[in-house]
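Q: got a structure for you, letters missing:
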């Protein structure tokens, strides 16, 4: 006798569990809070050079005190980060991976 077959009630249960998970994930995504800093665009600053031409320069990122503290602590323990740790720190501090390159 074949033990790999799933009965109709087990199939119904797995389908209802899958639909509940999908519903929960969709609710989580729609319930996500959007903070003002998330809407902030990276604006370019118009700068006039010495020869009179105007160029756009990216505005410098301002880090919070807590972000700086965490980055400094990480640098104190390890001067070079592997990619996995850099991604982890970026997510924790709500920064991009590029901003975490210590």
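A: All right, it came through fine. Quantities reported herein were computed from a predicted structural model and do not represent experimental measurements.
Q: the closest residue to residue 97 other than its chain neighbours: what's it in contact with?
A: Once flanking residues are discounted, residue 97 sits nearest to residue 90: 4.8 Å by Cβ to Cβ, 6 or more residues apart in numbering. All C-beta spots, glycine's among them, are computed from the backbone N, C-alpha and C. The neighbours of residue 90, taking Cβ atoms under 8 Å, 6 or more residues apart in numbering as the test, are 96, 97, 99, 100.
Q: make sure residue 90 is indeed in a strand.
A: No: judged by DSSP: H, G, I helix; E, B strand; the rest coil, residue 90 forms no part of a strand; its state is helix.
Q: how near is it to residue 82?
A: For residue 90, the distance to residue 82 equals 13 Å [Cβ to Cβ, to the nearest Å].
Q: same question, residue 64
A: In this view, residue 64 and residue 82 are 25 Å apart by Cβ to Cβ.
Q: which of the two has more neighbours?
A: residue 64 (12 against 9; other Cβ atoms under 10 Å).
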